[in-house]
Each structure stands twice: as structure tokens, then as C-alpha cells.
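Trainee: I'll drop the sequence and a predicted model, then ask my questions.
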Amino acid sequence: MTKIISLPVWFLLPLAVAQGTDWPQWRGPDRSGVSSETGLLQSWPSGGPKLLWEGGAVGEGFSSLAVTGGMIFTMGDKSGKSYLYCLDGKGGATRWSVVVGKSGGNYSGTRCTPTVDGESVYALGQFGDLVCVDATTGRERWRKNLAGDFGGKSGGWNYSESVLVDGETLVCSPGGDRATALALNKRTGSTVWKTVLPGGGESHYSSWVVSNGGGVKQYVRLFAGGTYGVAASNGKFLWRYDKLGSNTANIPTPIPFGDFVFTAAGYGKGGALLKLSGKAGGVVAEEVYFSRELKNKHGGIVKVGDYLYGDFDDRGRPWCAEAATGRVIWRRDGGGQGNGSACLTYADGCLYVRYQDGIMGLVDASPEGGFRQVCSFKIPDGMKQSWAHPVISDGRLYLRGKDKILCYDVRDPGRAKAPVSATRLWTDDTGNFRVEAMFKGVKQGKILLDKGDGAIMEVPFDRLSERDRNYLRSLLR
């Protein structure tokens with residue numbers, strides 16, 4: 001009989017940095033748009049789940065939310081300025097707000113979702129104002145301007161990315177021919193490296209993700225000139241996929257997994273799977289497939305298991321496709337409520353789909369049986385373009401509206417969270433480690449995994465994927 005080993009204090013400390021149910025940045029803990037939460041409602045009443053509160057007075061914007069440590073962070077335009085807001089997580093009252101820059105832009109309103117890292121919050125205004133502030137007080141620690149300080153060029157819809165914090169480094173994208181890609185010291189704002197990407201052009205509107213494809217840690221992002229990879233250590237240009245370049249606007253965040261990256265764009269472009277291979281000290285990106293059936297404008301794409309889910313351009317027609325082949329399994333061709341661009345977030349077997357017309361839908365995230373919208377409700381958000389991505393955190397559904405935040409209770413008291421003893425797939429960030437096993441405890445700093453055949457594996461916590469680390473954090477809340 002296997003003994004469950006209690007967790008010592010030294011092991012709990014690194015897990016306490018971010019709770020498994022926190023959503024500390026754009027598209028969640030690992031920027032995938034996928035939540036590890038379970039025990040959520042599988043259908044809603046006709047008027048939607050219970051509205052716990054609405055509040056915030058956060059102005060106008062398309063920014064989504066970061067939710068962590070009992071606080072909510074977002075951005076918005078008000079009275080001629082763009083602001084970074086911190087709200088109380090229990091009722092939406094404003095704790096503090098700080099001016100980031102001027103308001104406005106092509107499509108008036110902020111775009112960036114703040115990034116929370118420990119005691120600091122980072123936010124980017126639509127005119128390139130990048131600030132770092134204290135998460136508790138809002139006191140400014142440093143600021144830069146991507147256009148003024150680095151000669152950046154954003155594109156016609158202004159700066160829209162949500163900056164990435166990785167270790168001690170903040171990664172962002174001024175665009176242009178002086179510092180297309182840029183890394184700053186997250187504590188001081190000093191330059192770590194800057195890189196001119198060949199043909200990169202304007203920054204456009206995507207955000208960075210981390211990949212270890214080809215055995216090289218790298219940052220991957222979509223620019224005006226296509227999808228690029230740069231070395232995390234020094235910003236060295238590694239590879240470019242230009243089939244998505246020369247486009248009206250490149251927006252979606254790429255999806256890295258193992259040695260692969262899925263990247264897509266809208267405006268009639270399409271989606272592509274790239275395989276990354278190490279070669280002569282660098283990385284080569286090879287196209288596995290390209291499909292115009294997988295185009296996506298700005299609603300985002302999520303990968304759940306072996307399948308991808310996204311909206312067909314901005315048509316409000318969610319699709320499901322095999323990640324390995326690009327074959328479309330199903331697409332919404334009718335049925336359900338909601339029209340216009342669809343923003344997707346995944347949690348507990350369901351797609352949370354927010355349509356441009358303000359309809360919030362719950363869709364079965366199964367490749368089988370075709371598109372099936374389980375239920376929906378009209379969001380009382382007052383937005384002309386209901387584009388801010390949904391957030392799931394601690395059993396709550398958070399939606400950004402015009403000058404307010406709405407918080408819904410989506411916990412199902414009749415469904416328990418996944419038990420610790422549940423068998424699940426464990427992976428690492430390279431995709432080379434994949435094992436079906438149960439979590440059994442911790443021994444000498446290593447995670448014990450029971451494969452069910454009598455063998456107990458000991459795996460270092462840091463080797464596990466970000467999703468698995470967040471799962472462990474959620475068990476220890």
C-alpha cells in the first residue's frame with residue numbers, strides 16, 4: 001500500500017506564488033486560455049448563472065482581467081486618460097487606479113490585459129506607455145514608452161499586447177526597425193536585449209508565449225511579418241513563418257506544445273501547425289499543414305487534449321479540429337444563440353463562448369456529436385463590441401463590460417472537484433514526457449505519480465508542465 005506523504009513547508013512555498021485557480025495574466029497562468037478548474041456547472045438557468053455582483057467603474061476598453069490574490073486587475077479609458085485598475089475581488093470596489101497614458105486610439109479603449117507577477121503589475125497603454133506598479137498600493141516603480149524610447153511602430157489599431165513576464169525578464173514588442181522585440185529587467189525596466197526581426201514590421205496585436213520546441217527555450221509571437229521565434233536567453237532571431245504576414249491585422253496568441261506551435265490569423269488567412277527542430281545551434285520551423293478553414297481573427301484558439309477550438313475568422317462559427325492534422329471535426333452551421341466574433345475560454349469540459357453581440361454561451365467541448373450549445377444568456381454589459389475574453393477563477397466567471405465588471409457564480413455544489421486520486425495525463429513543457437497516473441504525494445522534493453501498474457514515478461516539480469503545476473497548486477489551496 002502506498003503511503004501518502006505530507007507536504008513540508010519548503011515545498012508549499014513555491015506553490016503559494018500563484019494559486020491554481022488564479023488567472024494572473026492574459027489567457028490564464030500559461031497563456032493557453034485553458035482553466036484547470038473542475039466542479040463547475042454543466043448548464044445554466046435560462047437567465048444565466050447567479051450574478052454575485054457587478055461594479056468596478058473601469059471605463060471603456062477591450063482589456064480582459066487578471067484575477068489573483070483576492071484582487072482583480074484590468075484597464076480602461078476614462079476622462080481622456082487610460083488607467084490601470086485594481087478592484088476588490090469580493091465586490092468589485094476600486095482599491096486603486098493609476099494613469100498609464102492617454103486615452104483613445106483606433107477603436108477607443110484599452111486593449112492590454114495586465115500581467116501580475118508577485119508584488120508587481122505590468123500594463124501597456126494603447127500608445128505604448130508601459131508601466132510597472134506595486135500590486136498592493138499602485139505605486140509606480142518604473143515606466144517606458146515603446147514608441148518614444150525604442151522607436152516602436154504598433155500598427156493602425158495601436159498597441160494591444162499583454163506583456164509576458166518570464167523569470168526576471170519582461171518581454172514585449174515595440175515593433176519597427178530598431179527593437180522589434182524587446183526584453184527588459186522586470187524590476188528596473190533596464191534593457192536586457194533588443195532584437196530587430198527581419199521583415200517583422202509593425203508590432204501588431206498578438207502576445208508572446210514560451211516554447212521549448214527543438215530543445216531551445218524561445219519566445220514565440222505573431223507580428224505584421226508573420227510568426228517568429230527568438231531565443232529566450234539573448235533575443236537571437238531563430239525562425240520566421242511568413243505565410244501569415246502581409247495581413248490587415250495579426251492578433252491571435254500562438255499555442256506552443258512540445259516541439260510544435262499552432263499559429264493562426266484572420267482576415268481570410270488561416271491556421272498552421274509548425275514543427276520546431278534544433279539545428280546547428282538554432283531552430284528550424286517546418287510547416288506540417290496550413291488550412292484556411294482554421295482562420296481566426298481575435299477570439300482566440302484553445303487546445304484541449306488533441307483538439308483545437310476556435311472561431312471561424314470572426315463569424316461566430318466555433319470549430320473543432322484535430323491539432324495533429326488540421327482536419328475540421330465540426331463547425332457551427334446553425335443552432336444556438338450568439339452572433340459575431342466569438343471569444344473562447346475552456347474549463348471543466350466546456351467552452352465559455354462570448355459572442356460579439358453580448359451573448360454568453362456554454363458549449364460542449366467534445367469532438368463528438370458536432371457543435372452543441374448547452375445554454376446561453378444575454379450579458380448586460382453595454383458594450384458595442386463584446387470582445388473582452390471571459391475569465392474563470394475560483395468558481396467564478398468574470399466578464400468585462402462597458403465601465404463595469406460582472407462576476408457570476410459557476411460552481412456546482414452537486415459536483416465535487418476532481419479528487420486527488422483521479423488518474424490524469426501528466427506532461428512536461430517539451431511534450432516528450434507524457435504519462436497517465438495518479439498523484440500520490442511528495443518525497444524529497446519530487447512528485448510521486450502512481451501509474452496503476454505497481455510502479456511509482458518520482459518527478460521533479462519544475463519538470464512538470466505549467467498546467468500540471470497549477471493543478472497541484474489547486475489541490476493544496
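Mentor: Sure thing, it's come through. Numbering: from 1, shown residues only.
Trainee: Without its sequence neighbours, what residue ends up closest to Trp319?
Mentor: Spatially, and ignoring its direct neighbours in sequence, Trp319 is nearest to Arg331 (4.2 Å; CB to CB, 6 or more residues apart in numbering). Heads up, the C-betas are built off the backbone N, CA and C, glycines and all.
Trainee: Strands along the stretch 51-200 of the chain, start to end?
Mentor: For the stretch 51-200 of the chain, strands defined by DSSP state E, counting those that start in this stretch occupy the ranges 66-68, 71-78, 81-88, 94-102, 115-117, 120-124, 129-134, 140-145, 164-166, 169-172, 181-185, 191-195.
Trainee: Reformat these as TSV; add mean pLDDT and distance to Ala265.
Mentor: Listed next are the strands of the stretch 51-200 of the chain as TSV, based on pLDDT from 0 to 100; distance: least, CB to CB, whole Å:
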stretch	mean pLDDT	distance to Ala265
strand 66-68	97	25
strand 71-78	96	24
strand 81-88	97	26
strand 94-102	97	27
strand 115-117	97	23
strand 120-124	98	21
strand 129-134	98	25
strand 140-145	98	27
strand 164-166	97	19
strand 169-172	98	20
strand 181-185	98	18
strand 191-195	98	22
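Trainee: Can you tell me which of those strands is nearest to Lys269?
Mentor: Lys269 lies closest to strand 181-185 among the strands of the stretch 51-200 of the chain, at 21.5 Å (CB to CB).
Trainee: which parts of the closest one are buried?
Mentor: 181-184 (16 or more other CB atoms under 10 Å).
Trainee: what lines up beside that strand in the sheet?
Mentor: Strand pairing for strand 181-185, using DSSP bridges, gives strand 169-172 (antiparallel), strand 191-195 (antiparallel).
Trainee: and the direction of it versus that of strand 140-145, what angle?
Mentor: Inter-element angle recorded for strand 181-185 and strand 140-145: 160 degrees (by axes from the mean of the first three to the mean of the last three CA atoms, to 10 degrees).
Trainee: ok, and what's touching strand 181-185?
Mentor: 144, 146, 150, 168-174, 190-195, 197, 200, 219, 221, 228, 230, 235 (CB atoms under 8 Å, 6 or more residues apart in numbering).
Trainee: hang on, the earlier thing: and Tyr241, which of the strands of the stretch 51-200 of the chain is closest to it?
Mentor: Going by CB to CB, the one of these nearest Tyr241 is strand 181-185, 15.2 Å.
Trainee: Report the beta-bridge partners for Thr263.
Mentor: Beta-bridge partners of Thr263, as defined by DSSP bridges: Ala272.
Trainee: Please state the backbone phi and psi of Ile447?
Mentor: Here is the backbone geometry of Ile447 (degrees, to the nearest 10): phi -80, psi 130.
Trainee: Tell me which residues touch the nearest residue to it once chain neighbours are set aside, please.
Mentor: Distances taken as CB to CB, 6+ apart place Val459 nearest to Ile447, at 4.8 Å, with adjacent residues excluded. Shown in contact with Val459 (CB under 8 Å, 6+ apart): 426, 433, 446-447, 449.
Trainee: just checking, Leu244 touches Ala224?
Mentor: No - the criterion here is CB atoms under 8 Å, and Leu244 misses it with Ala224 at 9.6 Å.
Trainee: Spit out the residues that contact the two alike.
Mentor: Asn250.
Trainee: ok, now how distant is the residue lying closest to Gly125 once chain neighbours are set aside from Trp53?
Mentor: Leaving aside its sequence neighbours, Gly125 sits nearest to Gly101 (CB to CB, 6+ apart; 3.6 Å). Distance, Gly101 to Trp53, using CB to CB, to the nearest Å: 29 Å.
Trainee: Which one's more surrounded, these two?
Mentor: When neighbours are counted by other CB atoms under 10 Å, Gly101 and Trp53 differ, and Gly101 comes out ahead with 22 against 17.
Trainee: Next one: the more buried one from Ala249, what distance?
Mentor: 21 Å.
Trainee: show me what contacts Thr248?
Mentor: Tyr267.
Trainee: Distance check, it against Asp313.
Mentor: Distance of Thr248 to Asp313, given as CB to CB: 11 Å.
Trainee: which residues are common contacts for the two?
Mentor: Tyr267.
Trainee: neighbouring contacts of stretch 288-299?
Mentor: Contact with stretch 288-299 is made by 205, 243, 249, 251-252, 260, 264-275, 301, 308, 310-314, 319, 321, 324-326, 328, 331, 341-344, 387, as judged by CB under 8 Å, 6+ apart.
Trainee: typo on my end, it should be stretch 360-380
Mentor: Residues contacting stretch 360-380 (CB under 8 Å, 6+ apart): 42-44, 46-49, 54, 304, 307, 309, 318, 320, 322, 329-333, 335-338, 346, 349-355, 358-359, 386, 390, 399, 401, 406.
Trainee: returning to that earlier point: and the buried ones among the contacts of stretch 288-299, selectable in PyMOL?
Mentor: Here is the PyMOL command that selects the buried residues among those (16+ other CB under 10 Å):
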select buried, resi 205+243+249+251+252+260+264+265+266+269+270+271+272+273+274+301+308+310+311+312+313+314+319+321+326+331+341+342+343+344+387
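Trainee: pLDDT wise, what is Thr427 at?
Mentor: pLDDT recorded at Thr427 is 84.
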